[in-house]
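>>> With the sequence up front, the predicted model follows.
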Amino acid sequence: MEEGRYYHAAAYLRLSREDEAAGKGCFSAGQGWAESGSIRSQREIICAYVEKQDDIEIHDFYVDDGYSGVNFDRPGFLRMMEDVRAGKVDCVIVKDLSRLGRDYIGAGRLLQKTFPAFSVRFIALNDNFDSLTADYHETSLVLPVKNFVNDAYCRDISCKVRSQQKVKRESGAFIGAFCAYGYKKSDADRNRLEPDEAAASVVRKIFRWKMEGYSATAIARRLDGFGVPSPMEYKRLRGENFKTGFAAGIQTGWSAVAVERILSNEIYIGNLAQGKEERINYKVKRSRKKPREEWIRAEGTHKAVVSKEDFQTVQELLQAGARASKGSGKAHKYTGLLFCGDCGKPMARRAVRVHGKEEAHFICSSRNRGEGCGRHDVAERTLDEILLLALNLQIALNAEEETLAARVREIGEKADGTAAIAEEMRALKKELEKYPKLQAALYEDWKNGIVAEADFKTFREIYRMQEEKLRQAAESQKMRQKEARDASCAAKGELGRMEREMRLAGLGRMELLTLVRRVFVYEGKRIRLELRVREGE
């Protein structure tokens with residue numbers, strides 16, 4: 001460097017976000033972060049130094065308030081380097097070397113190559129370093145060591161932060177900056193979530209509509225039609241400084257992607273899945289997506305807004321690739337439920353109009369595309385009848401085997417009084433009178449080809465056995481007249497419930513989703529059901 005030269009200095013000031021979080025920043029209500037105390041201190045120290053120098057004047061202040069020193073992608077630093085290259089600045093002054101940066105390699109390149117190439121004098125006040133007067137020992141040994149220490153400090157901080165975040169995630173604490181749509185941070189504990197009821201009600205509608213058969217696109221259109229703000233717009237309305245790569249314009253509406261993201265997020269059943277991405281390292285801002293098995297999951301961390309049963313049903317529909325019809329955007333009631341029993345592919349629905357009335361039937365989608373397999377043709381009306389009968393029989397079997405037997409035992413143990421026994425006997429007699437009718441209906445269905453012969457024999461034997469059990473129960477009541485008084489009302493209620501279940505009048509989509517997981521169709525109109533098991537059964 002030339003002595004006797006007059007320098008135009010860049011006063012560079014920097015403070016990281018970690019220092020802000022530690023309380024060195026200054027928050028101004030309604031304005032966000034004002035200039036932090038540390039930045040003011042750096043400014044004052046540099047100004048005091050320059051005032052005592054006859055050969056230096058400050059060209060400009062370059063400030064990066066809230067930027068990490070692990071890289072040099074900072075607006076203030078970049079502006080300063082533009083002025084260096086333009087020849088406007090030939091001296092850089094910082095409070096200490098760590099303000100310039102904590103990257104060992106990057107800081108070393110600046111001090112030993114870039115600044116000398118542009119004849120820039122560098123001064124670090126607290127480190128007592130001035131490149132104009134420094135000897136070889138200071139530039140070749142002291143500065144690299146200090147840069148290495150600064151770099152190691154940054155690495156150590158990064159490891160500690162990652163470790164602390166991992167512990168919080170594993171304990172079920174929410175550490176994200178923004179909550180998922182439908183939730184907000186609790187006022188009592190900012191690491192806990194609680195439902196945001198206004199948005200949570202929309203989430204419930206989205207799940208309900210999906211179960212009713214609407215496609216993600218149709219749901220998005222309905223929400224826009226109802227004037228419901230999209231998740232991004234909702235955050236803006238709440239005053240959150242939320243940014244996303246999915247924004248398409250100034251005001252974003254609902255999209256199929258946003259709907260599907262909500263439908264597949266287990267946060268809505270009370271679970272947290274965090275750590276889905278991670279920074280490549282402490283020097284690189286870019287993140288990489290982690291495989292699902294490496295996510296940190298915690299169950300039951302907050303209140304659910306949809307039931308686990310509904311969530312699981314929707315996941316099965318999404319996995320099955322249930323598609324809605326093009327016109328209405330709504331699927332038919334068997335969408336996502338009906339599959340070929342041989343190849344396992346979904347059944348395709350075909351509808352034709354006969355005498356002005358629509359008649360629909362299902363065939364194997366593989367056969368429909370000419371890929372082999374059998375036709376497995378079954379009319380929708382026939383399918384309704386078979387399922388109705390099968391579900392009624394299943395309800396009858398469960399009720400008769402479990403509930404009725406339990407009620408009969410309860411009557412035998414707790415009943416007292418001849419009036420109660422008489423009432424119970426009338427109920428049992430009424431129940432017995434149903435079986436001849438059920439058997440007759442079963443026989444007619446078999447004759448008409450609705451029920452296979454093997455199923456006919458199976459259910460006929462079930463009816464015979466249940467009828468015999470009821471007869472034995474009726475005989476036992478005659479011997480327990482003094483124990484029948486308290487059981488009569490309960491028995492009536494239980495039998496009434498069984499009868500209501502037996503009178504299952506119709507099969508809509510929601511009824512099907514509640515009772516049935518999958519329906520498999522084989523040749524000869526044979527049907528196999530996978531029923532849903534309710535929690536606790």
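Happy to help now that I have it.
>>> three-state assignment of T301?
Under DSSP: H, G, I helix; E, B strand; the rest coil, the three-state class of T301 is coil.
>>> quick one, phi/psi of the closest residue in space to A180 that isn't next to it in sequence?
With CB to CB, 6 or more residues apart in numbering as the criterion, A180 has its nearest non-adjacent residue at 5.0 Å, and that residue is I267. Glycine gets a C-beta too; all of them are placed from N, C-alpha and C. Backbone geometry at I267, expressed as degrees, to the nearest 10, gives phi -60, psi -30.
>>> How about the contacts made by I267?
Residues near I267 by CB atoms under 8 Å, 6 or more residues apart in numbering: A180, G182, Y183, L193, A273, H302.
>>> can you list these in JSON lines and add pLDDT, neighbour count and distance to S41?
Below are the contacts of I267 laid out as JSON lines (pLDDT from 0 to 100; neighbours: other CB atoms under 10 Å; distance: CB to CB, whole Å):
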{"residue": "A180", "pLDDT": "89", "neighbour count": "19", "distance to S41": "40"}
{"residue": "G182", "pLDDT": "92", "neighbour count": "25", "distance to S41": "44"}
{"residue": "Y183", "pLDDT": "92", "neighbour count": "22", "distance to S41": "40"}
{"residue": "L193", "pLDDT": "90", "neighbour count": "24", "distance to S41": "38"}
{"residue": "A273", "pLDDT": "84", "neighbour count": "15", "distance to S41": "42"}
{"residue": "H302", "pLDDT": "91", "neighbour count": "21", "distance to S41": "42"}
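>>> Distance to R109 and secondary structure added to these, as TSV?
Formatted as TSV, the contacts of I267 follow (distance: CB to CB, whole Å; DSSP: H, G, I helix; E, B strand; the rest coil):
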residue	distance to R109	secondary structure
A180	42	coil
G182	48	coil
Y183	46	strand
L193	45	strand
A273	41	strand
H302	48	coil
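>>> nearest to E57, of those residues?
A180 (53.3 Å; CB to CB).
>>> is it true that the closest one touches N265?
Yes - with contact defined as CB atoms under 8 Å, A180 reaches N265; the gap is 6.2 Å.
>>> And whichever helix or strand R349 is part of, what's buried?
Assigned by DSSP states H and E, R349 belongs to strand 347-354. By 16 or more other CB atoms under 10 Å, the buried positions in strand 347-354 come out as M347, A348, R349.
>>> Can you check the pLDDT for the closest residue to Y7 other than its chain neighbours?
Leaving aside its sequence neighbours, Y7 sits nearest to C91 (CB to CB, 6+ apart; 3.9 Å). At C91, the pLDDT value in this model is 95.
>>> any idea how far S365 is from C91?
75 Å (CB to CB, to the nearest Å).
>>> Just want to know which of these two has more residues nearby.
More crowded of C91 and S365, by other CB atoms under 10 Å: C91, with 29 against 18.
>>> Now do the contacts for that one.
Y7, H8, A9, A10, I56, V120, R121, F122, I123.
>>> Is it possible to get a markdown table of those that adds secondary structure and neighbour count?
Formatted as a markdown table, those follow (DSSP: H, G, I helix; E, B strand; the rest coil; neighbours: other CB atoms under 10 Å):
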| residue | secondary structure | neighbour count |
| --- | --- | --- |
| Y7 | strand | 22 |
| H8 | strand | 15 |
| A9 | strand | 23 |
| A10 | strand | 25 |
| I56 | strand | 19 |
| V120 | coil | 21 |
| R121 | strand | 22 |
| F122 | strand | 24 |
| I123 | strand | 24 |
